[in-house]
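J.: Following is a predicted model, sequence given first.
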Amino acid sequence: MKKKKNSDHLIAHQRRRLHLTIVALFACFAMIGLATEWLTELVRPSDKLAYTVTEGTEVGLITSLKLYDSKTDENRTLIENFKGGHFSFSVDGRIAYQDYDMDSNIFTIYLLDTTDENPEAIDITSNLLDGAWLGLSNMWSPDGNYLLYRTADTGIYLWDGQQSIDITPENVGRIPMCRAVGVSWRSDGQVALGIADDCELYSDTEIYIWNGEITVNLSPNPDGYDGAFAWSPDGQLAFESVRENQHGIWIWDGESYRDGVPDTAKFEFVDTDADKLLWTNDNRLIIDWTNRTQNTQYRAKIWDGETLKHIVREPDMTSFSARWSQDGRLAFISYGESGLNVVVRDTYNREIASFPGYDELAWSADGRLAYATGQRELLIWDGREHIQLSDNTWETYGRWQSGASLNFSFWVG
């Protein structure tokens, strides 16, 4: 009988120990989960979106410059009555913008450091050459070391914080403000310039390369024209062009030179057209369109160096503004029964979200999607919820600090 009691006590003791062990294990798992969540939040690559909104007020349309922080969801106004038009947002958080005085016909260039709690605009006009102005939105080099600017009726320059470097091509003559200049930066600081031949609306364009020392013509093309262009992460330059009786996309490896200029014999031809070119992080070329159309002919494509494929496999589905996030999700705009929609797919091409959208899309470094709707809303989708930044914008330009941008207007169409 005594042995049975001892046995019962031993079993009960073992059960209590097992129960306490299980409780301790669950507590450990909970702590590990909390620690993992905390560490994930700690190392998450937060991003910031600088953007303008032009909203209707009692006194008319007012444009504001704002800043959204993806880590804290804080959305603050930097400048309430912003008259600078487009701006450029550097990787280290500085915003370059300009103000224009119609009476004196003078531009004033400012820098705004958004890393400050209460940033104040600093006038840097005196540090630049006379007549300086910012014509585009991607004026900062990828490392933030150079600011590209133009001067009235003369040329194109890079400011490194100390001095201005003249990168104007020798054979283009004066470049008045009416001559359009497109810009695309390579990761090492080289820059491609698309310079219009004249001031006409649909003027032919030539592409030039500043390689860190001199500016050279990518490829003289007097009987054709060059269009959209973009550098890849590994240094290739893709550009739309009509040349040698062919219209399509050409790709230069970024390294092959002959007699001091890019070797045209090494150009690779892709037989398709587009009006926007972008590269993915793994060096695949997105061939895209920016026009909102239900015509299934306009479907975003991707070139992997060997084959050209439609990004969206369904042949009866329109797709444009296709963008990949850094974690591999694909977002694009498509027509649905209710109009334009944003469609998001995972890495297995499974649809994970669909909601009303409009025009362009821009992913942040931490996987948040900036987009607009046809109701003049500007929103952020964080993968679960939609965060409204504006419910009444007529025009918006936005740029993530990591580089992606979106630009849309409701003034037309």
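T.: Ah, there it is. Residues are numbered from 1 along each chain as shown.

J.: out of everything not next to it in sequence, what's closest to D263?
T.: Leaving aside its chain neighbours, D263 sits nearest to S256 (4.1 Å; criterion: Cβ to Cβ, 6 or more residues apart in numbering). The way it works is simple: take the backbone N, C-alpha and C, and place the C-beta from them, glycine included.

J.: Let me know the pLDDT of the one you found.
T.: Looking at S256, its pLDDT is 96.

J.: repeat for the one 3 residues further on
T.: You'll see D259 listed with a pLDDT of 92.

J.: phi, psi of it?
T.: When read as degrees, to the nearest 10, the backbone of D259 gives phi 60, psi 40.

J.: mind listing what the residue nearest to D263 touches?
T.: P262, D263, K266 (Cβ atoms under 8 Å, 6 or more residues apart in numbering).

J.: Looking at those, state which has the most neighbours.
T.: Counting neighbours by other Cβ atoms under 10 Å, the top entry in the contacts of S256 is P262, with 22 neighbours.

J.: which residues touch stretch 217-230?
T.: Here stretch 217-230 has contacts from 169, 171, 182, 184, 192, 194, 204-209, 237-244, 252, 261-262, 264, 267, 274-279, using Cβ under 8 Å, 6+ apart.

J.: Among these, name the buried ones.
T.: 169, 182, 184, 192, 194, 204-209, 237-243, 252, 262, 264, 267, 274, 276-279 (16 or more other Cβ atoms under 10 Å).

J.: Any regions of the stretch 251-400 of the chain where pLDDT drops low?
T.: Along the stretch 251-400 of the chain, the parts satisfying pLDDT under 70 run over 290-297.

J.: the strands in the stretch 151-300 of the chain, which residues?
T.: 156-159, 164-166, 181-185, 191-196, 205-210, 215-217, 225-231, 237-243, 246-252, 257-258, 261-262, 268-270, 276-279, 285-288 (DSSP state E, counting those that start in this stretch).

J.: And the last one, what's buried?
T.: Going back to what we said before, that points to strand 285-288. So, applying 16+ other Cβ under 10 Å, buried residues of strand 285-288: L285, I286, I287, D288.

J.: Could you list the paired strands of it along with their orientation?
T.: Strand 285-288 has the following strand partners under DSSP bridges: strand 276-279 (antiparallel), strand 301-303 (antiparallel).

J.: could you dump the ones you listed to TSV with distance to W231?
T.: Below are those laid out as TSV (distance: least, Cβ to Cβ, whole Å):
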stretch	distance to W231
strand 276-279	7
strand 301-303	15
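
J.: T52: which of those is closest?
T.: With Cβ to Cβ, the closest approach to T52 among those belongs to strand 276-279: 20.9 Å.

J.: Relative to the whole chain's centre, how far out is the closest one?
T.: Centroid separation for strand 276-279 versus its chain: 10 Å, with Cα atoms, centre = their mean, to the nearest Å.

J.: With stretch 358-377 instead?
T.: Averaging C-alpha positions (Cα atoms, centre = their mean) puts stretch 358-377 11 Å from its chain's average.

J.: Likewise for stretch 51-59?
T.: For stretch 51-59, the distance to the chain centre is 23 Å (Cα atoms, centre = their mean).

J.: Could you pull up the mean pLDDT of stretch 125-142?
T.: Mean predicted lDDT for stretch 125-142 stands at 88.
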